[in-house]
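K.L.:
this is a predicted model, with the sequence first.
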Amino acid sequence: MRARHRAAQWRTGWTLGGGSPKFPAIKRGSAFMSVSHPVEVTRHSPTGHPPVQARRVGVLIVNLGTPDGTDYWSMRRYLKEFLSDKRVIDEPRWKWWPILNLIILQTRPQKKGRDYETIWNRELDESPLRTITRSQSQKLSGLLGDVPEVVVDWGMRYGNPSIPSRLEALQTMGCDRILVVPLYPQYSAATTATVADKAFDALKEMRWQPAVRIAPPWHDDPVYIEAITSQMTKHIAGLGWDPEVVLASFHGVPQRYLELGDPYHCHCVKTARLMREKLGWSEDRLRLTFQSLFGPEEWLKPYTDKTVEALAKSGVKRLAIVNPGFTADCLETLEEIAGENAEIFKHHGGEQFAAIPCLNDTEAGMRVIETVTRRELSGWV
Ligand SMILES: C=CC1=C(C)c2cc3[nH]c(cc4nc(cc5[nH]c(cc1n2)c(C)c5CCC(=O)O)C(CCC(=O)O)=C4C)c(C)c3C=C
Ligand SMILES: [Fe+2]
Ligand SMILES: [Fe+2]
C-alpha cells in the first residue's frame, strides 16, 4: 500500500491538492484563480529535466481595466496606460504625447478619481468592475465544473491583474491551451483587438507558448439578446412605472473608426435591432445612442446625453437607459448614466429615470459567458 502510494507520488510529483513551494495548491474561489479540480503536476526527473505539468485548458476572461485606487498616482498610471494604447487613440505619437502628458494627465486623474470615489467598493477597496469581473470568473468556474481540465481566471487589459501575469499563471498551472474571452459583446479594435494584442505580446516572451484562441464577439447571439431583454423587462416591471422611451446606450468611439472599417457601429446597430425585435418595440421606444465622448473629434451619434436632454425638453417624463455593450457595471454606467444622465434628464423637466443594471454576474449574464466559452472550447475539451 505504502509502496503504491510512493509510486503514485513519483509519477505525479505531488499528492493531489497538496501543493509545493513551486506549485502551490490553488483553492477554488481564491482571489485570482478559480480552479475546477486540484492541480496535478509532474516532478522533474532525476536527470534535471524541467518540470512538465499535466495538460490543462485555461479560460481567461478579460475586461477593460480599472485603477488600483482613486488617488492621483493610481489614476494617472491607469489613464496613462489606457490612453497610450494606439488601438484606443490612433493619433501619431509626436502629436499625441504632448497632449496626453502635458494637458490630459495634469487634470484628468484628479477629476476622474473623484468620479471613481462615488462608485468605489469600499468593502474590498476596489472598483465595481474589478469586483464583478472576479465574481464572473468564480461563477464561470463553477458552471464549468463538469469539465475538470479547465482552469478559469480573469484579468484586465489596463491595470491589474494584467493579461501577461494571468497567462503566465495559467501556463504554470499546466495550461497548454488558453481561451481568451474579451468581455465585449460588440467587437471594436479599441477593445477586443487590443486584448488580443496584449496576449500575443506576452506570448512573444514565452519559449513554450500555449495555443491561444480569442473568443469572437456575441452581439447577435440569441442567448445574449434573450438575457439583455429579459434583464430590461424584469427591471422595468419592478419600477412601478413604465418608461415612455428606453435608450440602448453603447460606449462611443470616434466616427472615423467606423470609416476606417471598425465593425463596432454595425454590431451595436444589430444588437439594438435584435433587442427591438425580441421585445416587439418600435425604433422610437428603444433608441440607439452612444455615450462617453472623449476629446474634440466627432464620435458615433446620436450622443446619449444630448438625446436625454432633447427627450426631456420634448416632454418625455419617464426614461430608462440600458447599457447592452457593458458586461459589468462600471464608471461609465454607474456614474455617467445613473448619475450624470439622470441629472440631465431631471434638470430639463424629466420626472422618472432608471438606469438598468448590466448583466453582471446574474444567472442570465453568466449563461451568456458560459455559452460563448463552451462554444469556443469546442475540440479542446
Ligand atoms: C479615449 C478613447 C476611448 C475609446 C475609443 C474608448 C472605447 C471604449 N471603452 C469601453 C469601455 C469602457 N471604458 C471605460 C472608461 C474609459 N474609457 C475611456 C476612453 C475611451 N474608451 C477613458 C479615458 C476611460 C476612463 C474614465 C475616464 O477617464 O473617462 C470603462 C470603465 C472602466 C471602470 O473602471 O469602470 C469601460 C468599461 C468600450 C466598450 C469602448 C469601445 C467600444
Ligand atoms: Fe472607454
Ligand atoms: Fe454600421
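P.N.:
Noted; the coordinates are in hand. Ligands and ions are numbered 1, 2, ... in the order given.

K.L.:
could you report the pLDDT at the residue in the stretch 251-381 of the chain positioned nearest to ligand 3?
P.N.:
Ligand 3 sits closest to Cys266 of the stretch 251-381 of the chain, with a gap of 3.5 Å, by CB to the ion. Heads up, the C-betas are built off the backbone N, CA and C, glycines and all. For Cys266, the pLDDT comes out at 98.

K.L.:
Val181 now?
P.N.:
Confidence score, pLDDT, at Val181: 99.

K.L.:
Ala227 in helix, strand or coil?
P.N.:
Secondary structure, DSSP: H, G, I helix; E, B strand; the rest coil: Ala227 is helix.

K.L.:
Met366 is in contact with that one, correct?
P.N.:
No: with contact defined as CB atoms under 8 Å, Ala227 does not count as touching Met366 (9.1 Å).

K.L.:
what's near enough to touch Val308?
P.N.:
Neighbouring residues of Val308 by CB atoms under 8 Å, 6 or more residues apart in numbering: Leu247, Leu319, Ile321, Asn341, Ile344, Phe345, His348, Gly350.

K.L.:
ok, now Ala355?
P.N.:
Ala320, Ile321, Asn323, Thr333, Leu334, Ile337, Ala338, Asn341, Ala342.

K.L.:
now swap in Asp125 and tell me
P.N.:
Counted by CB under 8 Å, 6+ apart, Asp125 has contacts Gly69.

K.L.:
let me know the pLDDT of it.
P.N.:
For Asp125, pLDDT reads 98.

K.L.:
relative to ligand 3, how far out is it?
P.N.:
Per CB to the ion, to the nearest Å, Asp125 is found 41 Å from ligand 3.

K.L.:
ok, how many other residues are close to Arg56?
P.N.:
24 (other CB atoms under 10 Å).

K.L.:
quick check: phi and psi on it?
P.N.:
phi -130, psi 170 (degrees, to the nearest 10).

K.L.:
what are the ranges of the helices in the stretch 201-350 of the chain?
P.N.:
Here the stretch 201-350 of the chain has its helices, by DSSP state H, counting those that start in this stretch, at 222-237, 255-259, 264-279, 304-313, 342-347.

K.L.:
what is the second one packed up against?
P.N.:
Read that as helix 255-259. Under the contact definition 3 or more CB pairs under 8 Å, 6 or more residues apart in numbering; DSSP states H and E, helix 255-259 sits against helix 264-279.

K.L.:
figure out how far the helix it packs on is from the centre of its chain.
P.N.:
Chain-centre distance of helix 264-279: 20 Å, with CA atoms, centre = their mean, to the nearest Å.

K.L.:
quick one: contacts for the residue of the stretch 251-381 of the chain found nearest ligand 1?
P.N.:
Nearest residue of the stretch 251-381 of the chain to ligand 1, counting by CB to the nearest ligand atom: Cys330, 3.0 Å away. Residues in contact with Cys330 (CB under 8 Å, 6+ apart) are Leu64, Thr66, Ser127, Pro128, Leu129.

K.L.:
how about 7 Å then?
P.N.:
Residues near Cys330 by CB atoms under 7 Å, 6 or more residues apart in numbering: Pro128, Leu129.

K.L.:
up against ligand 3, what does the chain have?
P.N.:
Residues of the chain found near ligand 3 (CB under 5 Å from the ion) are His265, Cys266.

K.L.:
quick one: low-confidence residue ranges for the chain.
P.N.:
Within the chain, the stretches with pLDDT under 70 are 1-46.

K.L.:
dig out what the residue in the stretch 51-200 of the chain that ligand 1 sits nearest to forms beta bridges with.
P.N.:
For the stretch 51-200 of the chain and ligand 1, the shortest gap (CB to the nearest ligand atom) falls at Thr66, measuring 3.4 Å. Applying DSSP bridges to Thr66 yields these beta-bridge partners: Gly159.

K.L.:
you'd agree it is up against Met156?
P.N.:
Yes: between Thr66 and Met156 there is a contact under CB atoms under 7 Å: 6.3 Å.

K.L.:
one step back: please say which of Ala227 and Met366 ends up with more neighbours.
P.N.:
Ala227 (23 against 19).

K.L.:
excluding its backbone neighbours, what's nearest that one?
P.N.:
Distance criterion CB to CB, 6 or more residues apart in numbering; nearest residue to Ala227, sequence neighbours excluded, is Ala364 at 3.9 Å.

K.L.:
then Gly155?
P.N.:
The spatially closest residue to Gly155, leaving aside those adjacent along the chain, is Arg166, at 4.1 Å (CB to CB, 6+ apart).

K.L.:
equivalent analysis for Gly315, please.
P.N.:
Nearest one to Gly315, counting by CB to CB, 6+ apart, is Gly349 at 7.4 Å.

K.L.:
neighbours around the residue nearest to Ala227, how many?
P.N.:
By the criterion of other CB under 10 Å, Ala364 has 17 neighbours.
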